[in-house]
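J.: Quick check, what structure comes out for this input:
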Amino acid sequence: MGSYIAAIDQGTTSTRCMIFDRAGQVVAVDQIEHRQIFPQAGWVEHDPSEIWSNTRQVCAGALAKADLVTSEILACGITNQRETTVVWDRKTGKPVYNAIVWQDTRTDEIVSSLAKDGGQNRFQAKTGLPLATYFSGPKIRWILDNVDGVRARAENGELLFGTMDTWVLWNCTGGTEGGLHVTDPTNASRTMLMDLETLQWDPELCEQIGVPMSMLPEIRSSSEVYGHFRERGVLGGIPISGILGDQQAATFGQACLSPGEAKNTYGTGNFVLLNTGTEPVLSENGLLTTVGYKIGENETVYCLEGSIAVTGSLVQWLRDNLGLIGSSPEIEQVAATVEDNGGAYFVPAFSGLFAPHWRADARGAIVGLTRFVNRGHVARAVLEATAFQTREVIDAMNADSGVPLKSLKVDGGMVANELLMQFQADILGVPVIRPTVAETTALGAAYASGLAVGFWESEEDIRSNWSKDKQWDPQMAPDRRAHEYHQWQKAVTKTFDWVE
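T.: Have a look, this model is predicted:
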């Protein structure tokens with residue numbers, strides 16, 4: 001019997017394979033970045049074939065790094081960047097267009113036309129989501145409407161749709177030779193096509209958004225054996241037994257398994273998820289209601305989510321577009337050269353604002369500039385933008401759930417930045433806690449997979465594996481916290497109505 005669980009983590013900027021032991025510790029990781037394709041302003045694409053090639057390479061690479069053979073791996077889970085949309089030909093396996101990434105805003109006209117009849121919350125009661133360019137349904141519709149001959153082929157049953165979990169699973173399990181066309185409720189709940197209560201595709205939603213149901217994958221639970229890797233190639237014959245969208249995977253990996261427990265992932269964007277239990281809570285404050293996880297036959301667990309589009313990618317922008325820093329970690333040293341932000345606030349509404357504002361018309365702005373402001377102040381304003389946006393989302397969560405957050409578990413790449421973590425605790429006024437294993441996304445997928453094959457017996461094993469690495473307690477005076485947050489909120493209003 002295998003003594004390890006693998007996880008494929010297909011993210012926005014890279015794909016990796018991680019291997020975990022029973023204690024939830026990382027045994028090996030291999031990672032490859034893929035190209036970010038920007039055909040025009042507001043458009044973001046990935047090449048699905050490049051990602052599939054990278055997936056095979058990282059699976060082989062992780063095995064090699066740990067000097068393991070396939071038989072030592074008991075099962076594999078998949079986690080993925082969520083709303084990113086692929087449409088491909090079921091006979092040839094070739095995508096009809098590049099993957100349209102979750103950040104992409106080209107569907108704004110489709111979304112506006114859908115909102116004419118019933119407003120931004122037209123589908124909220126059924127889907128838990130506001131109408132926004134973020135979700136997959138309108139992205140599928142754009143491909144069908146804008147790529148020659150594609151709608152006819154879709155209506156003919158020749159084409160398949162998937163988020164990246166489905167694309168990876170289909171290819172891993174054989175592709176054109178019997179590949180499985182499956183997703184889980186966490187990913188399906190981000191399409192705008194699934195009914196939150198029944199966890200099934202909704203014919204009325206599909207018709208209104210303009211997506212033929214024949215394209216859609218089967219929805220199975222987040223933790224069960226779907227099928228096996230094709231025999232030839234890496235991990236041949238291993239069961240694939242867990243799928244969770246990346247933010248739900250991080251929530252699961254962080255052991256936020258009881259109502260009222262929350263985590264924040266600091267990645268390309270930021271994603272705060274609060275476990276609300278087995279009843280979906282519809283937001284009145286601009287949050288998303290989403291499926292948290294569904295383990296096998298157990299009851300579905302729901303979450304409230306605050307999605308923030310630009311956090312880690314703002315640091316990359318400072319590095320790549322402006323050249324103000326040479327590497328992402330350098331921002332911490334530059335920001336530490338000053339005591340505060342010097343009165344400057346940076347609202348990174350590069351592709352509009354996500355939660356809790358949902359303003360596609362907003363664009364980025366730096367406000368409060370004077371001759372006093374220097375490179376250090378700008379670096380600090382960039383980091384503070386992440387913490388302020390998180391505060392907006394947590395305030396909305398507290399209002400929706402009626403349960404004030406007592407502490408925040410954090411994970412993802414930016415949690416290595418201690419200056420940011422301290423400021424986050426200061427601006428929230430609650431402790432911020434970093435776990436020993438910060439790569440909780442892949443870990444959550446591994447847990448879902450391992451539970452399905454008996455590698456871990458129950459969710460209690462997940463709790464007992466979780467351990468704290470470091471905690472930051474708030475040190476800022478309440479009146480200064482209130483002032484800083486007020487200034488931030490004023491800055492946000494300056495970005496509205498830019499796109500006419």
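J.: Can you list the buried residues in the lengthiest helix in the chain?
T.: Across the chain, the helix with the greatest residue count (assigned by DSSP state H) is helix 375-401. In terms of neighbour count (16 or more other Cβ atoms under 10 Å), helix 375-401 has its buried residues at 376-397, 400-401. Just so you know, the C-beta spots here come from the backbone N, C-alpha and C atoms, and that holds for glycine as well.
J.: Show me what that helix is packed against.
T.: The contact analysis (3 or more Cβ pairs under 8 Å, 6 or more residues apart in numbering; DSSP states H and E) places helix 375-401 against strand 262-266, strand 270-277, strand 301-308, helix 312-320, helix 330-335, strand 345-347, helix 418-428, helix 478-493.
J.: Name every strand pairing with the first one and say which way it goes.
T.: Partners of strand 262-266 in the sheet, by DSSP bridges, are strand 270-277 (antiparallel), strand 408-411 (parallel).
J.: what angle sits between that strand and helix 312-320?
T.: On the basis of axes from the mean of the first three to the mean of the last three Cα atoms, to 10 degrees, strand 262-266 is oriented at 20 degrees to helix 312-320.
J.: outside of strand 262-266, which residues touch it?
T.: Residues external to strand 262-266 that are found in contact with it (Cβ atoms under 8 Å, 6 or more residues apart in numbering): 246-247, 250-251, 254, 256, 270-275, 311-312, 386, 390, 394, 397, 405, 408-415, 420, 440-441.
J.: what's the angle from it to strand 301-308?
T.: Here strand 262-266 runs at an angle of 40 degrees relative to strand 301-308 (the same axes, to 10 degrees).
J.: Report the outermost residue of this structure with respect to its centre.
T.: No residue in the chain sits farther from the centre than residue 371, which is 38.2 Å out by Cα atoms, centre = their mean.
J.: doesn't that one fall inside a strand?
T.: No: read with DSSP: H, G, I helix; E, B strand; the rest coil, residue 371 is coil and lies in no strand.
J.: Pull up the gap between residue 93 and residue 175, please.
T.: Distance of residue 93 to residue 175, computed by Cβ to Cβ, to the nearest Å: 5 Å.
J.: actually residue 154, not the one I wrote
T.: Taking Cβ to Cβ, one finds residue 154 at 19 Å from residue 175.
J.: Between these two, which has more neighbouring residues?
T.: residue 154 (21 against 17; other Cβ atoms under 10 Å).
J.: Checking my notes, the more buried one in a helix, right?
T.: Yes: with three-state DSSP as the criterion, residue 154 is part of a helix.
J.: OK, contacts around it?
T.: Contacts of residue 154 (Cβ under 8 Å, 6+ apart): 87, 144, 212, 214-215.
J.: Tell me which of these fall in helices.
T.: Mapping the contacts of residue 154 onto helices (DSSP H) picks out residue 144.
J.: could you dump the contacts of residue 154 to a markdown table with neighbour count?
T.: Below are the contacts of residue 154 laid out as a markdown table (neighbours: other Cβ atoms under 10 Å):
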| residue | neighbour count |
| --- | --- |
| 87 | 25 |
| 144 | 23 |
| 212 | 18 |
| 214 | 15 |
| 215 | 24 |
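J.: Return the subset of the contacts of residue 154 lying in strands.
T.: Judged by DSSP state E, the subset of the contacts of residue 154 located in strands is residue 87.
J.: how many other residues sit next to residue 370?
T.: 9.
J.: swap in residue 478?
T.: Counted with other Cβ under 10 Å, the neighbours of residue 478 add up to 9.
J.: Next one: it from residue 432, what distance?
T.: Relative to residue 432, residue 478 is positioned 17 Å away (Cβ to Cβ).
J.: Residue 404 too?
T.: Computed with Cβ to Cβ, the distance linking residue 404 and residue 432 is 15 Å.
J.: just residue 143 next, same as before
T.: Relative to residue 432, and taking Cβ to Cβ, residue 143 is found at 40 Å.
J.: And residue 270, by the same measure?
T.: 13 Å.
J.: same question, residue 338
T.: To residue 432, residue 338 is 22 Å away according to Cβ to Cβ.
J.: Between these two, which is the more surrounded one?
T.: Taking neighbours as other Cβ under 10 Å, residue 338 and residue 432 compare with residue 432 leading, 25 against 17.
J.: Near the residue nearest to residue 127 when sequence neighbours are not counted, how many other residues are there?
T.: Closest residue in space to residue 127, ignoring its immediate chain neighbours: residue 192 at 5.2 Å, by Cβ to Cβ, 6 or more residues apart in numbering. Counted with other Cβ under 10 Å, the neighbours of residue 192 add up to 30.
J.: Quick check: residue 192 touching residue 205?
T.: Yes: with contact defined as Cβ atoms under 8 Å, residue 192 counts as touching residue 205 (6.6 Å).
J.: any common contacting residues for the two?
T.: Common contact partners of residue 192 and residue 205 (Cβ under 8 Å, 6+ apart): 123, 127, 137.
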